[in-house]
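**Student:** requesting a structural model of the entry that follows:
(chains A and B)
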Amino acid sequence: MNAAKQATLHLVPPDEEDSATRRIHRLMLQRETLRPMFLVAWDDLSHRFDVNELEAWAGAVLTLAHVNAGPACLIAYWETSKSGGAADRQEIAPLLVAGQMAADICRNAGARAATAALQALPVATRVFGSGPALARWWRTMELLARQAPESVAPAADNIAAILGPGTIDAFENFVATGLKFASGNRVRRLAFFRLENDLARRMIARDLGSVTFLETEIELKAFVTALWGKPPLLRSFAADNSQAPQRRTSIAGPLIRLPETFRGVQGDAARALFRAAAAHAQAHLVLGNGLFPVGTLKPLQIALVNLIEDARIETLALRQLPGLRRLWAPYHVATPSGVVAAPTLMARLARALFDPAYVDDDSFVAKGRAMFQAALPRIDDPAISREIGVLLGNDLGQMRVQFNVKTYVVEPVYRDDGLGLWDFGENAPPSGEVMELPVDAVRMERQEASDGNSSEPDEQGEALGRGQPVAPDERGTVIAKYPEWDRADGIERPEWTIVREVAARAGDPRLIEAALDHADALRSRIGRLVRGVRIGRTIRLNRQHDGHDIDIDAALDAGIALRTGQEPDPRVFRSSTSMHRDLAALLLIDVSESTRDRLATGATILEVERLAVAVLAEAMGRLGDPFGLLAFASDGREDVRMTMIKSFEEPYDRSCIARLAGLRSGLSTRLGAALRHAGKVIAKANSGRKLLIVLTDGEPSDIDVSDPLDLVEDARRAARGLKNAGTDAYGVVLGKTGIQAASRIFGRGNTMMVHRIEDLPGRLSELYFRLARR
Amino acid sequence: MNLDVYRIADEPYYQPLGHEIATFQAAYAERLPVMLKGPTGCGKTRFVEHMAWRLGKPLITVAAHEDMTAADLAGRYLLEPQGTVWHDGPLTLAVRHGAICYLDEIVEARQDTTVVIHPLTDARRILPLEKHNEIVPAHGDFQLTISYNPGYQSAVKDLKESTKQRFVAIDFFYPPPATEAAIIVRESGTDDKLAGILVAIAQRSRNLQGHGLDEGASTRMLIHAGRMVHAGLPLDVAVQSSIVLPITDNPDIRAALSDAIQACLP
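**Tutor:** Here you go, the predicted structure:
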């Protein structure tokens, strides 16, 4: 509120010669074109405010003039100030704040930006009122002006859309995300604030309290699977925030595409709507039979065939699962009144066919109902939908009621758009936005079929599950996107990092084999450890206080002792203990640029890491513990590179050693994303205990993050996520620099520091055996 | 020794679904060991009881568990005032005196434990008791039956190939809806309509098998739900407490299952 405070300083009596009021009037005398408009505004204001307030306002105008705000900006300010304007009429303070802020924006981003911001003010005022939320809006605009001057005008021009979510938090988050998203790149920033970017559009599409597809997907999928035993292939399409009616669910081949959010529906109601929509769509896929050929049908006929087919499918579904009526009924809200137009009549017919208790005297509705009733004996035959639909379509056509194919949406809202039921054949679908959908949908289906197996929805881990499989692009195979924790704003930014799988280069395995030969003493020590913990089958423990069996020798000794009058040893039992091992381990190896450093011995850190990993891998291989080796480095948030050296499925053989030998140092350490991905990899291991050991040589860093603490906090959050998912994560820190960060990330007890990096091979294996024995 | 306590006096209700009774009778006539496979709560144990009653033989049941040792099956020395005394285990009891020995959920026992049954399940039909220095030839009435649930199967819990291949197998599954409803009516005292709804509910949960649930609701679970209703509980509460809550702890699956169950209720 410092702007407001500053503004109050202008509240000095205007009797002096150099008062702002005088000065602004003098200034306006020289501006022929502006003066009339200024005088209108002044006149308007002088009816509402006293002299002191006017003086302050004049001061604000002067400030704007002094920062070269230009005529357009001044006019915008005057317009804002007029009583018809958006600012609060009773108070001068909001006007002063606006003037001050516009001047600040003008200083940083120029007159055009300041003008646009003032023009956006009425919208912001409508959304936020004139309270503290509006002040925060101004501050955020001003922040934008300082950090991204070119983006103020586009953001202000789109303010109505950007404020769609309706809260100041959402707006601040939007701006902060935009700034981070572009990480200094003007073009990307502009695209974001012009809403040409998907992320931007998705952010404003999500109104608070609404339920996203992602949040409900697991439950939704299980629900539909439970209903019909056939797992649905659910996808989402981005919600739009326009004023157009909610786009309906669509079916494309085997896919069901649901909106990311249902606009304006929140909480449990949104979950219920998702369920209703998915259940309806899957009912088509399970109970329908094949596609209808379009032939020469007109759009109105197609719409009516869809309507009858919907009713037919729901009738069949309700016979199996009568309770679905409770799920769908709330959305049938058509009433037998209102304008007689095709969409309303069709909504009424839909209700009449669904709800036997619904009364509607309209002849069209009654006819549709009667025809459907008459066809009930043939309800299993999809041909009835076409027969009835075509006839009703003719009737409706002859009634000359309005039907606009471009604006028509299926009612009620849970039903699908119906286009997935049609075979459009060779002919291009009729023009119009609605009709373009199936083409789009089919394209999408093909795309997903090509990256097929990896993105099977079944495999989505639940606890770590927000990683979204995405299509490959030119910089390598994109395998997933992960969220990242934003320390400053205290929120998790979804799909913030992109993880790519970089194929491992095969190096010369002899390099590592030679290094192993040099480390013979170490290997034999590790070999003893291996024998110690080797699957010992059942170990019998003799002479125990209790056990499942009598230790016959001990019992005889005790019997003899009793008979000779001595005190017997009560430990006459034997028991057994199972040395069953059920442990999977994943080694996450940091290969960032700093591992290129050479140690006193002449070896690089990476070489020591490689040897350490090779020694441990050899031991784990002999133990038979399933394990994986994964290397990581990053080059900004969109390029987190993972290299699989050994997957859990493949045996540890020479090709793994070659890949290990082929590791090269380079790039940075975005640990959080790597941890999340490692969590996803190890989640697939079928073991009771899961162990993730991270080898790193310092604190996380990346080129697009200025404060390493951000990445430390994100990695800490990722590590906590792993813990919640049942994976034990341990950090092994090389050298002294990263210890603070590492103990923050993994916890003090889960961090091991290796001061002398040369000791790593021994220390790493010891750590593993210590952890494995727990 | 008298095995009368192991005899089953009254006919245990069993609704045959296929040829399982004839198969078991034939296997028993040839004294071949039998393996019953199937998900939990689909009637394996009830079937064995029924067959023991039908054949008029005593039935000795052992529930296998992870800590079970060979001594738990074969027998062991116990210490008594005069010294050590040998006690036959349940398997030895059945072998010596002629009973059907039923090892329930055999995969729960460790593989090295289950090999004690090998000499019993081939042409030798003997049980060597090395600790007692005795070889017990099987009584003419002795027969071995084991059960296991392939649903649990993992690399850790599976039968050895050498164990598997000694048995005649009978596969069990959930009965067809009408039969299952009849079983629920018979066992829980509910009416046909309610039994039909319970079967529909079970189908919903079985649809989730492999998609969030390891196994769907068993017939036994449905009978429990039916009995809860019979005892006066409203249907939705009974279903919640005897099906949804026991079957999963995953909140998403729980919510999905509850909603799917709502779809079955009229």
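
**Student:** what ranges does the stretch 1-150 of chain B have for its helices?
**Tutor:** Secondary structure of the stretch 1-150 of chain B, counting by DSSP state H, counting those that start in this stretch: helices at B:20-29, B:44-55, B:70-74, B:90-97, B:111-114.

**Student:** any idea which of those has the lowest pLDDT on average?
**Tutor:** Mean pLDDT is lowest for helix B:111-114 among the helices of the stretch 1-150 of chain B, at a mean of 75.

**Student:** the residue nearest to A:Asp417 when sequence neighbours are not counted: how many residues sit nearby?
**Tutor:** Nearest non-adjacent residue to A:Asp417, counting by Cβ to Cβ, 6 or more residues apart in numbering or on different chains: A:Arg248, 4.2 Å away. Every residue, glycine included, has its C-beta placed from N, CA and C. Per other Cβ atoms under 10 Å in any protein chain shown, the neighbour tally for A:Arg248 reads 23.

**Student:** tell me who's in contact with the closest residue to chain A within the stretch 101-250 of chain B.
**Tutor:** For the stretch 101-250 of chain B, the residue closest to chain A is B:Asn207, as judged by Cβ to the nearest Cβ, at 3.7 Å. Listed by Cβ atoms under 8 Å, 6 or more residues apart in numbering or on different chains, the contact partners of B:Asn207 are A:Thr225, A:Ala226, A:Leu227, A:Trp228, A:Gly229, A:Lys230, B:Gly216, B:Ala260.

**Student:** where does the chain dip in pLDDT?
**Tutor:** Looking at chain A here, since you left the chain open. Chain A contains residues with pLDDT under 70 at A:1-17, A:83-90, A:165-166, A:205-210, A:238-244, A:425-476, A:520-521, A:528-539, A:578-581, A:772-774.

**Student:** the chain in question should be chain B.
**Tutor:** In chain B, residues with pLDDT under 70: B:151-158.

**Student:** that one: strands as residue ranges?
**Tutor:** Assigned by DSSP state E, the strands in chain B fall at B:34-37, B:59-63, B:75-80, B:83-88, B:100-104, B:126-129, B:134-137, B:143-148, B:168-171.

**Student:** one more: the stretch 551-700 of chain A?
**Tutor:** Remark: strands assigned in the stretch 551-700 of chain A by DSSP state E, counting those that start in this stretch are A:573-578, A:583-590, A:627-634, A:640-646, A:689-696.

**Student:** which among these is found nearest to chain B?
**Tutor:** strand A:573-578 (6.9 Å).

**Student:** residues in contact with the residue nearest to A:Asp417?
**Tutor:** A:Val409, A:Val410, A:Val413, A:Arg415, A:Asp416, A:Asp417.

**Student:** name the nearest of those residues relative to B:Phe24.
**Tutor:** Set against B:Phe24, the nearest of the contacts of A:Arg248 by Cβ to Cβ is A:Asp416 (51.3 Å).

**Student:** what's near enough to touch the closest one?
**Tutor:** Counting by Cβ under 8 Å, 6+ apart, A:Asp416 has contacts A:Arg248, A:Thr249, A:Ser250, A:Ile251, A:Ile256, A:Ala277, A:His280, A:Ala281, A:His284, A:Val410.

**Student:** what's the most distant pair in those?
**Tutor:** Pairwise distances across these (Cβ to Cβ) peak at 14.5 Å, for the pair A:Ile256 and A:Val410.

**Student:** hang on, the earlier thing: tell me which of the strands of the stretch 551-700 of chain A lies nearest to B:Asn250.
**Tutor:** strand A:689-696 (18.5 Å).

**Student:** what sits against the spatially closest residue to A:Phe746 that is not a sequence neighbour?
**Tutor:** Once flanking residues are discounted, A:Phe746 sits nearest to A:Gly731: 4.0 Å by Cβ to Cβ, 6+ apart. A:Gly731 makes contact with A:Val694, A:Thr696, A:Ala742, A:Ser743, A:Ile745, A:Phe746, A:Asn750, A:Thr751, A:Met752 under the criterion Cβ under 8 Å, 6+ apart.

**Student:** OK, contacts around the closest residue to the first one other than its chain neighbours?
**Tutor:** Read it as A:Val694. The shortest distance from A:Val694 to any non-neighbouring residue, by Cβ to Cβ, 6+ apart, is to A:Leu588 (4.5 Å). Residues in contact with A:Leu588 (Cβ under 8 Å, 6+ apart) are A:Leu630, A:Ala631, A:Phe632, A:Ala674, A:Leu675, A:Ala678, A:Leu692, A:Ile693, A:Val694, A:Leu695.

**Student:** go ahead and confirm the fourth one touches A:Met642.
**Tutor:** Yes: A:Ala674 is within contact range of A:Met642, at 6.9 Å (criterion: Cβ atoms under 8 Å).

**Student:** more neighbours: those two, which one.
**Tutor:** A:Ala674 (29 against 23).

**Student:** so how far is chain B from the residue nearest the centre of chain A?
**Tutor:** The residue lying closest to the centre of chain A (Cα atoms, centre = their mean) is A:Pro494, at 3.3 Å. Using Cβ to the nearest Cβ, to the nearest Å, A:Pro494 is found at 19 Å from chain B.

**Student:** any idea how far A:Ala558 is from the residue lying farthest from the centre of chain A?
**Tutor:** Distance from the C-alpha centroid of chain A, by Cα atoms, centre = their mean, peaks at A:Thr564 (78.7 Å). Distance, A:Thr564 to A:Ala558, by Cβ to Cβ, to the nearest Å: 11 Å.

**Student:** and A:Ile388, by the same measure?
**Tutor:** For A:Ile388 relative to A:Ala558 (Cβ to Cβ), the value is 91 Å.

**Student:** still on that earlier bit, narrow the contacts of A:Gly731 to those in strands?
**Tutor:** A:Val694, A:Thr696, A:Thr751, A:Met752.

**Student:** got the residues of the stretch 201-350 of chain A near chain B?
**Tutor:** A:218-223, A:225-231, A:275, A:279, A:320-324, A:326-327 (Cβ under 8 Å from any Cβ of the partner chain).

**Student:** and A:Trp328, what is it in contact with?
**Tutor:** A:Trp328 makes contacts with A:Ala276, A:Ala279, A:His280, A:Glu314, A:Phe354, A:Pro412, A:Tyr414, as judged by Cβ under 8 Å, 6+ apart.

**Student:** so the last one sits in a strand?
**Tutor:** So the one you mean is A:Tyr414. No: A:Tyr414 is assigned coil when assessed by DSSP: H, G, I helix; E, B strand; the rest coil, not a strand.

**Student:** number of residues surrounding it?
**Tutor:** 24.

**Student:** these two touch, right, it and A:Ala272?
**Tutor:** No: contact criterion Cβ under 8 Å: A:Tyr414 and A:Ala272 do not qualify, at 9.1 Å.

**Student:** hmm, back to that, quick one: the residue nearest to A:Phe746 from A:Ser236, how far?
**Tutor:** Applying Cβ to Cβ to A:Gly731 and A:Ser236 gives a distance of 36 Å.

**Student:** now do B:Ile261
**Tutor:** B:Ile261 is 26 Å from A:Ser236, by Cβ to Cβ.

**Student:** the strands in the stretch 351-500 of chain A, which residues?
**Tutor:** A:422-423, A:477-486, A:491-501.

**Student:** which residue packs closest to A:Glu309, ignoring adjacent ones?
**Tutor:** Leaving aside its chain neighbours, A:Glu309 sits nearest to A:Ser385 (3.9 Å; criterion: Cβ to Cβ, 6+ apart).

**Student:** burial measure for the one you found, as a count.
**Tutor:** Here the number of neighbours of A:Ser385 (other Cβ under 10 Å) works out to 25.

**Student:** OK, contacts around the nearest residue to B:Thr163 once chain neighbours are set aside?
**Tutor:** Among residues not flanking B:Thr163 along the chain, B:Thr114 sits closest, at 5.6 Å (Cβ to Cβ, 6+ apart). Residues in contact with B:Thr114 (Cβ under 8 Å, 6+ apart) are B:Leu103, B:Ile106, B:Leu159, B:Lys160, B:Thr163.
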